[in-house]
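J.: Need a 3D model of the sequence below.
(2 chains)
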Amino acid sequence: MGYTLGQEQLDRIEEILKQDLIDLGVHCVFLIDLAGNIISSIDNGKYEHDIYSLAALAAGNFGAVSAMASIIGEDEFSLLFHKGKKESMHFSKVLADFLLVTMFGKEVSLGFLRLKVTEAIEKINKILEP
Amino acid sequence: MAFVNSKTKEIQVKIVYYGPGRGGKTTNLEYIYKKFNSRIKTDMVTIKTSGDRTLFFDFLPFDIGRIKGYNVRMQLYTVPGQVKYNATRRLVLRGVDGLVFVADSIKVRRNKNIISLKNLQENLTTYKKNIFRIPLVMQYNKKDLEKQGIPLLDFNTLERDLNSQLKAPSYYASARTGENIIQTLKKIITTTMNTLHKELI
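T.: Next comes the predicted model:
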């Protein structure tokens, strides 16, 4: 019960999220665990939403979708994406217990975002792997 | 599964209110939200059906201040109590650090409490957690109904039914009037923090 990440690990994760995603034009990105705790979050300085509630809902949403996948015989759904008029959300699993949630507007294409998210996750995996 | 962020000096702790349907789990959180309104910066999140029953969970985060230099953020959740929502109940339990079992003290709900407690034990097992080891507080809710002449189970019967083996701290309470609601919350916070302190520090 309980785990800790050190300052150096968290600094490196934040740097990856900034360089790979925020600098690309993403509005806000956060790494959470599947219990709904926020590990790291970073935004473009103009973002004012309640990320704690978003994290709890994102973890619940991801859990529900994974359970649906399992019922129909899938390991998991590879693309989890909610499209809005101005703001969209993208979810990606990191290792077995973490989730990367990205919020972005129309100026970022989904394909490019998925590519950059995959790159960022590969780097984060190396930091989080036991 | 509490998370300790050594960069921001923050600890996030997950407390889940569990129990049978219509037992008062959401009312517990609503009372806490009303009572500590000035300290809670965000709205309480609820996902419920059109009939006002909890569908997925309620979520209430709030800061309890600093402990040993760390800012402690409590994240309170409820589960849907109805039997048919077991899959979602199990999801909410993921990473739980402490539990409040809200039993319904109305006499005719006696069996529902026992079934729900057994269900909690089974669901914890799926996360390799033991109901005898996890921080747990029992709350026997709806004490206020006594005045309205509704037959209630007495404290000793509830203890015998639900707490004879667990021997968890227990309160006879009323989420509607607020009696023993904050005491329940304080107890689960201190029990959980003591356990985390032993494990993490």
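J.: Could you check stretch B:104-124 and say which residues are buried?
T.: B:104-106, B:109-110, B:112-113, B:116-117, B:119-120, B:123-124 (16 or more other CB atoms under 10 Å in any protein chain shown). Quick note: C-beta positions are derived from backbone N, CA and C, even for glycine.
J.: Briefly note if that stretch comes near chain A.
T.: No: residues of stretch B:104-124 contacting chain A under CB under 8 Å from any CB of the partner chain: none, with a closest distance of 11.7 Å.
J.: circling back: narrow the buried residues of stretch B:104-124 to those in strands?
T.: Those of the buried residues of stretch B:104-124 mapping onto strands are B:D104, per DSSP state E.
J.: Serialize the buried residues of stretch B:104-124 to JSON lines and add fields for pLDDT.
T.: Shown next, in JSON lines, are those (pLDDT from 0 to 100):
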{"residue": "B:D104", "pLDDT": "98"}
{"residue": "B:S105", "pLDDT": "98"}
{"residue": "B:I106", "pLDDT": "98"}
{"residue": "B:R109", "pLDDT": "97"}
{"residue": "B:R110", "pLDDT": "97"}
{"residue": "B:K112", "pLDDT": "97"}
{"residue": "B:N113", "pLDDT": "98"}
{"residue": "B:S116", "pLDDT": "98"}
{"residue": "B:L117", "pLDDT": "98"}
{"residue": "B:N119", "pLDDT": "98"}
{"residue": "B:L120", "pLDDT": "98"}
{"residue": "B:N123", "pLDDT": "97"}
{"residue": "B:L124", "pLDDT": "98"}
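J.: got the buried residues for whichever helix or strand B:F57 is part of?
T.: Using DSSP states H and E, B:F57 sits within strand B:54-67. Under the neighbour-count criterion of 16+ other CB under 10 Å, strand B:54-67 has B:T54, B:F56, B:F57, B:D58, B:F59, B:L60, B:P61, B:F62, B:I64 buried.
J.: what does chain B have sitting close to chain A?
T.: Residues of chain B lying near chain A (CB under 8 Å from any CB): B:1-7, B:12, B:14, B:42-43, B:45, B:47, B:56-57, B:59, B:61, B:73, B:75, B:77, B:87-88, B:91-92, B:94-97, B:129, B:134, B:195-196, B:199-200.
J.: Quick one: buried ones out of these?
T.: The neighbour count (16+ other CB under 10 Å) marks B:1-5, B:7, B:12, B:14, B:45, B:56-57, B:59, B:61, B:73, B:75, B:77, B:88, B:91-92, B:94-97, B:129, B:134, B:195-196 as buried among the residues of chain B next to chain A.
J.: Helix, strand, or coil at the residue of chain B found nearest chain A?
T.: Nearest to chain A, among the residues of chain B, is B:G95, at 2.3 Å (CB to the nearest CB). What DSSP: H, G, I helix; E, B strand; the rest coil gives for B:G95 is coil.
J.: can you tell me which residues contact the residue nearest to it when sequence neighbours are not counted?
T.: Counting by CB to CB, 6 or more residues apart in numbering or on different chains, A:A35 is the residue found nearest to B:G95 once chain neighbours are left out, at 2.3 Å. Contacts for A:A35 (CB atoms under 8 Å, 6 or more residues apart in numbering or on different chains) come out as A:A59, B:M1, B:F3, B:K14, B:R94, B:G95, B:V96.
J.: which one of the residues you listed is nearest B:S164?
T.: B:S164 lies nearest to B:V96 out of those, by CB to CB, at 23.1 Å.
J.: chain center to stretch B:51-65, what's the gap?
T.: Here stretch B:51-65 is found 10 Å from its chain centre; the criterion is CA atoms, centre = their mean, to the nearest Å.
J.: which residues sit against it?
T.: Against stretch B:51-65 from outside (CB under 8 Å, 6+ apart): A:36, A:52-53, A:56-57, A:60, A:64, B:21-22, B:25-26, B:29, B:32-33, B:36, B:39-40, B:42, B:44-49, B:71-82, B:85, B:88, B:92, B:189.
J.: close to chain B, is stretch A:45-53?
T.: Yes: applying CB under 8 Å from any CB, one finds stretch A:45-53 in contact with chain B at A:D50, A:Y52, A:S53.
J.: Would you agree the second one is in contact with B:T42?
T.: Yes: if you go by CB atoms under 8 Å, A:Y52 and B:T42 touch, sitting 6.5 Å apart.
J.: So A:V117, which state does it fall into?
T.: Here A:V117 is recorded as helix under three-state DSSP.
J.: Nearest spatial neighbour of the residue nearest in space to the middle of chain A, chain-adjacent residues omitted?
T.: The centroid of chain A falls nearest to A:L100 when counting by CA atoms, centre = their mean (1.4 Å). With CB to CB, 6+ apart as the criterion, A:L100 has its nearest non-adjacent residue at 4.7 Å, and that residue is A:S92.
J.: do the same with B:T192
T.: B:G98 (3.5 Å).
J.: residues contacting that neighbour?
T.: Taking CB under 8 Å, 6+ apart as the test, what B:G98 contacts is B:13-16, B:134-137, B:188-189, B:191-192, B:195.
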